[in-house]
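# below is the sequence, then the predicted model.
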Amino acid sequence: MIDRSTPPIDRSTARGPGPASRTLAAFIFASRWLQAPLYLGLIIAQAIYVVLFFIELWHLAENVIVTGHITETDVMLSVLALIDIVMIANLLIMVIIGGYETFVSKIRVEGHHDEPEWLSHVNTNLLKVKLAVSIISISSIHLLKTFIEVGRMDEGVVRNADGSVLYSWDGVLWEVAIHLAFIVSALALAWIDRMSHHHPAVKQDQVTAGRIEAGLRESAPASDDYVTVRVPAGTQLPEGARVVE
């Protein structure tokens, strides 16, 4: 059956964009590939961090095995330096994969056993929150290293072997303040992301068989006439409903 109630289509307004408009739009859309070399550069930066990690690991092993003159605090600081490199590498991976997936092209790894859990629902807001959390983790590592060094503070400063100032009370306070600012920023981003998912304007009504049946009951006439309802393809129809052409 054909629904005669549908008004005729105005061909003058239904005409699509012209060739020039389509060409310009395709060119603008293809400009996203200009970001691809940026992500390739980040991959090179991550390779440099891999080299730096093994250099730091070699220095740690050399100090422990060769010289043997190393304290527990020195080992802890070296391990924290290694963890710091790993956290930055994780941040790079998140930016490379998530940014490419969001702004350039789909990676299409659905079903792969190594697919990151967050990649299936990545978006700009989620990426910002995860980046903020990663930055907080990196800042926490630096702050922990500072707290370990502060233990040998003398007269408000910590000095290197050559006598130069390594840490001071003012510097430590500024590090704590900056770390708290990172935490507040991450909480604000998470709150904004949560509000955007619960805002009535972004909620989409799901088409279900129950809603279709309820709509049919409300609009059903007293006679045996049928009611035409348009639903998306593949939607499960309620009992008694049938497809008409």
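Cool, got the structure.

# distance of I192 from H59?
Distance, I192 to H59, using Cβ to Cβ, to the nearest Å: 42 Å. Every C-beta, even on glycine, is put in place using the N, C-alpha and C of the backbone.

# helix/strand/coil for N63?
Recorded secondary structure, N63: helix (DSSP: H, G, I helix; E, B strand; the rest coil).

# number of residues surrounding the closest residue to it other than its chain neighbours?
Nearest residue to N63 in three dimensions, chain neighbours excluded: I70, at 4.6 Å (Cβ to Cβ, 6 or more residues apart in numbering). When counting by other Cβ atoms under 10 Å, one arrives at 14 neighbours for I70.

# pLDDT value on I70, please?
I70 carries a pLDDT value of 75.

# quick check: phi and psi at it.
Here the main-chain torsion angles of I70 (degrees, to the nearest 10) amount to phi -150, psi 140.

# so it is in contact with A61, correct?
No: I70 is beyond contact range of A61, at 10.4 Å (criterion: Cβ atoms under 8 Å).

# and the helices in this structure?
11-14, 19-30, 36-61, 72-103, 124-150, 169-198, 209-219 (DSSP state H).

# quick one: which of those helices is nearest V157?
Nearest of the helices of the chain to V157, taken as Cβ to Cβ: helix 169-198 at 7.8 Å.

# reformat the helices of the chain as TSV; add mean neighbour count.
Shown next, in TSV, are the helices of the chain (neighbours: other Cβ atoms under 10 Å):
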stretch	mean neighbour count
helix 11-14	6
helix 19-30	10
helix 36-61	13
helix 72-103	16
helix 124-150	17
helix 169-198	13
helix 209-219	13
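
# out of those helices, nearest to E110?
Taking these one by one with Cβ to Cβ, helix 72-103 is closest: 11.6 Å.

# summarise which helices and strands the closest one is packed against.
Applying 3 or more Cβ pairs under 8 Å, 6 or more residues apart in numbering; DSSP states H and E, one finds that helix 72-103 contacts helix 36-61, helix 124-150.

# point to the residue nearest the middle of the protein.
In the chain, the centroid-proximal residue (Cα atoms, centre = their mean) is L127; its distance is 1.6 Å.

# which residues touch that residue?
For L127, the contacting residues are M94, G98, G99, T102, by Cβ atoms under 8 Å, 6 or more residues apart in numbering.

# S168 and L91: what is the separation?
For S168 relative to L91 (Cβ to Cβ), the value is 28 Å.

# domains for this protein, by residue range?
26-115, 123-215 (automatic domain parsing).

# surely S140 and V176 touch.
No: taking contacts as Cβ under 8 Å, S140 lies outside contact range of V176: 11.1 Å.

# what do those two both touch?
Counting by Cβ under 8 Å, 6+ apart, nothing touches both S140 and V176.

# ok, residues contacting stretch 148-166?
T73, M76, L77, L80, Y167, S168, W169, V172.

# between the residues you listed, which is closest to E115?
Looking across the contacts of stretch 148-166 and measuring by Cβ to Cβ, the closest to E115 is L80, at 30.7 Å.

# contact partners for H142?
Contacts of H142 (Cβ under 8 Å, 6+ apart): D84, E175.

# which regions of the chain lie under the pLDDT threshold?
Counting by pLDDT under 70, the chain has low-confidence residues at 1-16, 118, 120-122, 161-163, 197-241, 243-245.

# if we go to 80?
The chain contains residues with pLDDT under 80 at 1-17, 66-74, 108-127, 149-167, 170, 193, 196-245.

# before we move on, back to that, turn the helices of the chain into JSON lines, columns for distance to V109.
Listed next are the helices of the chain as JSON lines, based on distance: least, Cβ to Cβ, whole Å:
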{"stretch": "helix 11-14", "distance to V109": "39"}
{"stretch": "helix 19-30", "distance to V109": "23"}
{"stretch": "helix 36-61", "distance to V109": "16"}
{"stretch": "helix 72-103", "distance to V109": "9"}
{"stretch": "helix 124-150", "distance to V109": "17"}
{"stretch": "helix 169-198", "distance to V109": "24"}
{"stretch": "helix 209-219", "distance to V109": "34"}
